[in-house]
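>>> Just to be clear, the model below is a prediction. Sequence and coordinates:
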Protein chains: 2
Amino acid sequence: MRSSRLAVLILFLTSYLTAALAQTKTVAERLGYPRDAKLLIIHADDLAVAHSEDAASFAALDQHAVTSASIMVPCPWLTEVAAYAKAHPDADLGLHLTLTSEWETYRWGPVASRDAVPSLIDPSGNLWPDTEPAVAHLKPEEVERELRAQVERALTMGIHPTHLDSHMGVLFARPDLFAVYLKVAREYKLPFLAVRGTGAPKELIPLLSNADIVLDSVIMANPAVDAANWKTFYLNAIQNLKPGVTEIIVHLGHDDAELQAVTVHHPDYGAAWRQRDYDAMTSPEFRKALEENHVILIHWKDLNALLN
Amino acid sequence: MRSSRLAVLILFLTSYLTAALAQTKTVAERLGYPRDAKLLIIHADDLAVAHSEDAASFAALDQHAVTSASIMVPCPWLTEVAAYAKAHPDADLGLHLTLTSEWETYRWGPVASRDAVPSLIDPSGNLWPDTEPAVAHLKPEEVERELRAQVERALTMGIHPTHLDSHMGVLFARPDLFAVYLKVAREYKLPFLAVRGTGAPKELIPLLSNADIVLDSVIMANPAVDAANWKTFYLNAIQNLKPGVTEIIVHLGHDDAELQAVTVHHPDYGAAWRQRDYDAMTSPEFRKALEENHVILIHWKDLNALLN
């Protein structure tokens, strides 16, 4: 996920609690917790992009430093992630539905046949390099074809996704794309990342139904956070956590030669950024803050169980 | 290139010199050297597969430790290689035409639209994982479509290939595939890897014409070479080099986390193997052996110039 996605997600931040207005029970209550419980999903994005990201994310999942993660199916390391998923059937892995290929040195194309999804492809034959050109070109019927192809490819590879979300927020950027996202998620009976309430994009909210399970808040580091204050950013987030279901989205990786080359010329969401996220999530201070603030860690599969 | 390719290339090894029977002048003579000159191309395969392989190959090209290299166009790091090619217009880069995706954790698909080349694709949606299943399934008209797509993609990316060869020897494994290879190479006026004479596959030789420029010999390390004797293998090869045009094929990479993960469970052509190749090619002893044995280093672009 890169800065372009940030603009969209910023709109989602701080929104919480309006589920109570729409439904008798909050998601927290449906999960068996009190209405004022602070429930948290700690979620690693971008699995299958690079071995460095996979290795850091698997280590964090194994240590329960993150509770969930999502996989970019068109990416080269999918088989590595599928092997992990098979070896860890309890791992809470969703699909990070992917319509962009944003790095300079290292690219990927669609899962669907290129002829079937021409609006998804840039002049180099890969997915669009950023949210803006993607949003300018994508045809919803081709997006639907590609999203289905990504879900089906994951299933073929032995991955049983617990949830769906959207790489770089592309599917939150146009109501017709958001509608495709909801259609595919509902058909596969998968919960999906979305928030309702204050701050959520107004044009998307009417597309949500009361049967959809949505989060109350999403927290993510952004380029305004100083590298020296990285851990403090997350500690403050935990200190200030509101009741309801929050997701912290992190981007894990090791600051090594591979990831430095993948993210070259792009410090935002780059190799050092992902190492900082890994270090913060696996730190004893972060663990301690979760305990001290009575945060209850939950998984997407808990939300999934409410639907199935 | 992996062991399955070896069987095919073994047949090519040791063959030398019969160009003299077919043509008045040998390739050496056409290049302006005496008939008994020892001309050598030192060639790095597999660019664009992994950053580790790119970094080692670029370093070897920059040091003139290898004279030439070839690029796997369907692979994720193509853009990194294209940037190198643009920054180094004199670099002697060909295309390593690719019909397999052989690693366990890390895969790639075709350049052509999947619908247009179904015989090239395995059940996971990637190219076949080894030479044997590829050779059992490939339809020549689809192979031609894909090879043209690979050449055109390279041109679109600003790469001007000096030559063509075949990843894992797939295009040497059936006469109809070899015929497609020759057809595409001749149309683009590109020299291509092939040898004529003793040891060359009998069924392929009749497809070559006198106008084709072919090599006299190809040398490549193989799994029978002990790791401890790696450099000695190459030093002996130089000591015993025959007159004519020889190509030494190497597979360069750094023995790092990325390449260890790409080549996991496959020591042959694995990360340590590629590090040994890099170390041997960049060693002072190898450089000295070339000088002492009066080896003349040439490039594929020298052969290319004979055609254009």
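Received the coordinates, thanks.

>>> Could you pull out the strands in chain A for me?
Along chain A, the segments classed as strands by DSSP state E run A:38-47, A:68-71, A:93-97, A:164-166, A:217-220, A:244-250, A:295-297.

>>> For chain B, find the nearest of the ones you listed.
Among the strands of chain A, strand A:38-47 comes nearest to chain B, with 12.5 Å by C-beta to the nearest C-beta. C-beta here means a position set from N, CA and C on the backbone, and glycine is covered the same way.

>>> tell me what that closest one is packed against?
Where contact means 3 or more C-beta pairs under 8 Å, 6 or more residues apart in numbering or on different chains; DSSP states H and E, strand A:38-47 is packed against helix A:51-62, strand A:68-71, strand A:93-97, strand A:244-250, strand A:295-297.

>>> Would you mark the buried spots in the biggest helix by length in chain A?
Across chain A, the longest stretch assigned as helix under DSSP state H is helix A:140-156. Applying a neighbour-count criterion of 16 or more other C-beta atoms under 10 Å in any protein chain shown, one finds A:140, A:142-151, A:153-154 buried in helix A:140-156.

>>> What count of nearby residues applies to A:Ala272?
The local packing of A:Ala272 (other C-beta atoms under 10 Å in any protein chain shown) involves 15 other residues.

>>> before we move on, the earlier item: need the strands of chain A in TSV (columns: mean neighbour count).
Below are the strands of chain A laid out as TSV (neighbours: other C-beta atoms under 10 Å in any protein chain shown):
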stretch	mean neighbour count
strand A:38-47	25
strand A:68-71	28
strand A:93-97	28
strand A:164-166	26
strand A:217-220	24
strand A:244-250	25
strand A:295-297	15
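
>>> Dump those into TSV; add distance to B:Asp90 and mean pLDDT as well.
Putting the strands of chain A into TSV (distance: least, C-beta to C-beta, whole Å; pLDDT from 0 to 100) gives the following:
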stretch	distance to B:Asp90	mean pLDDT
strand A:38-47	37	98
strand A:68-71	42	98
strand A:93-97	41	98
strand A:164-166	44	97
strand A:217-220	45	95
strand A:244-250	44	97
strand A:295-297	57	98
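
>>> wait, which of these is closest to B:Ala116?
Nearest to B:Ala116 among the strands of chain A is strand A:93-97 (25.0 Å), distances taken as C-beta to C-beta.

>>> For A:Ile121, list the residues it contacts.
Counting by C-beta atoms under 8 Å, 6 or more residues apart in numbering or on different chains, A:Ile121 makes contact with A:109-110, A:114, A:127-128.

>>> and these, which two are the farthest apart?
Greatest spatial distance in the contacts of A:Ile121: A:Arg114 and A:Trp128, 13.3 Å, computed using C-beta to C-beta.

>>> ok, which residues in the stretch 101-250 of chain A are in contact with chain B?
Contact residues (C-beta under 8 Å from any C-beta of the partner chain) of the stretch 101-250 of chain A with chain B: A:104-109, A:111-116, A:123-125, A:153, A:156-157.

>>> filter these to the buried ones?
Buried subset of those (neighbour count, 16+ other C-beta under 10 Å): A:105-109, A:111-114, A:116, A:124-125, A:153, A:157.

>>> Which of the residues you listed sits closest to B:Thr263?
Among these, A:Tyr106 lies closest to B:Thr263 (C-beta to C-beta), at 17.8 Å.

>>> That closest one: what's it in contact with?
With contacts defined as C-beta under 8 Å, 6+ apart, A:Tyr106 is in contact with A:50, A:261-262, B:51, B:76-77, B:79-80.

>>> pLDDT score assigned to it?
We note a pLDDT of 97 for A:Tyr106 in this prediction.

>>> quick one, phi/psi of it?
With angles defined as degrees, to the nearest 10, A:Tyr106 sits at phi -150, psi 120.

>>> before we move on, the earlier item: between the buried residues of helix A:140-156, which is nearest chain B?
Taking C-beta to the nearest C-beta as the measure, chain B sits nearest to A:Arg153 out of the buried residues of helix A:140-156, at 6.0 Å.

>>> contacting residues for the closest one?
Counted by C-beta under 8 Å, 6+ apart, A:Arg153 has contacts A:73, A:78, A:111, B:124-125.

>>> Narrow these to those in helices?
Using DSSP H, the contacts of A:Arg153 in helices are A:Leu78.

>>> Mind putting the contacts of A:Arg153 into CSV with pLDDT?
Shown next, in CSV, are these (pLDDT from 0 to 100):
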residue, pLDDT
A:Val73, 98
A:Leu78, 98
A:Val111, 98
B:Ser124, 93
B:Gly125, 94
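
>>> can I get the contacts of A:Arg153 in CSV with distance to A:Gln63?
Below are these laid out as CSV (distance: C-beta to C-beta, whole Å):
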residue, distance to A:Gln63
A:Val73, 25
A:Leu78, 23
A:Val111, 31
B:Ser124, 30
B:Gly125, 32
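
>>> Show me where chain A has its helices.
A:3-12, A:19-22, A:27-30, A:51-62, A:78-87, A:131-137, A:140-156, A:175-187, A:230-239, A:257-262, A:271-281, A:284-292, A:300-307.

>>> Could you list the low-pLDDT ranges of the stretch 151-300 of chain A?
Scanning the stretch 151-300 of chain A for pLDDT under 70 picks out the ranges A:197-199.

>>> shouldn't A:Ala69 be in contact with A:Ala44?
Yes - A:Ala69 lies in contact with A:Ala44 (C-beta atoms under 8 Å); the separation is 4.0 Å.

>>> For the residue nearest to A:Ala194 when sequence neighbours are not counted, grab the count of nearby residues.
Computed as C-beta to C-beta, 6 or more residues apart in numbering or on different chains, the closest residue to A:Ala194 that is not its neighbour in sequence is A:Val214, at 4.8 Å. A:Val214 has 21 neighbours, counted by other C-beta under 10 Å.

>>> list the contacts for A:Val214?
Going by C-beta under 8 Å, 6+ apart, A:Val214 touches A:19, A:27, A:194-196, A:208.

>>> What's the per-residue pLDDT of A:Phe25 here?
Actually, residue A:25 is Lys. It isn't Phe. Taking A:Lys25 on its own, its pLDDT is 89.

>>> how close does it sit to chain B?
Taking C-beta to the nearest C-beta, to the nearest Å as the criterion, A:Lys25 is separated from chain B by 42 Å.

>>> and what of A:Arg287?
The gap separating A:Arg287 from chain B is 26 Å, by C-beta to the nearest C-beta.

>>> That residue - nearest residue in space that isn't next to it in sequence?
The spatially closest residue to A:Arg287, leaving aside those adjacent along the chain, is A:Ala65, at 7.8 Å (C-beta to C-beta, 6+ apart).

>>> And A:Ile249, by the same measure?
Spatial nearest neighbour of A:Ile249, excluding adjacent residues (C-beta to C-beta, 6+ apart): A:Met220 at 4.4 Å.

>>> A:Ala37 touches A:Arg30, doesn't it?
No - contact between A:Ala37 and A:Arg30 fails when scored by C-beta under 8 Å: they sit 11.7 Å apart.

>>> Could you pull up the contacting residues of A:Gly64?
To be clear, residue A:64 is His; Gly isn't right here. By C-beta under 8 Å, 6+ apart, A:His64 lies in contact with A:Leu297.

>>> at 10 Å what do you get?
Applying C-beta atoms under 10 Å, 6 or more residues apart in numbering or on different chains, we find A:His64 in contact with A:42, A:282, A:287, A:297.

>>> Among those, which one sits closest to B:Ile249?
A:Thr282 (43.2 Å).

>>> I figured A:Ala91 hits A:Ala82, correct?
No - under the criterion of C-beta atoms under 10 Å, A:Ala91 lies out of contact with A:Ala82, with a separation of 11.4 Å.

>>> tally of neighbours for the nearest residue in space to A:Tyr234 that is not next to it in sequence?
Spatially, and ignoring its direct neighbours in sequence, A:Tyr234 is nearest to A:Ala280 (5.0 Å; C-beta to C-beta, 6+ apart). Neighbourhood size, A:Ala280 [other C-beta under 10 Å]: 21.

>>> what's the answer for A:Tyr33, then?
So A:Tyr33, with other C-beta under 10 Å, has 18 neighbours.

>>> which residues touch it?
Contact analysis of A:Tyr33 by C-beta under 10 Å, 6+ apart lists A:26-27, A:39, A:243-245, A:296, A:298.
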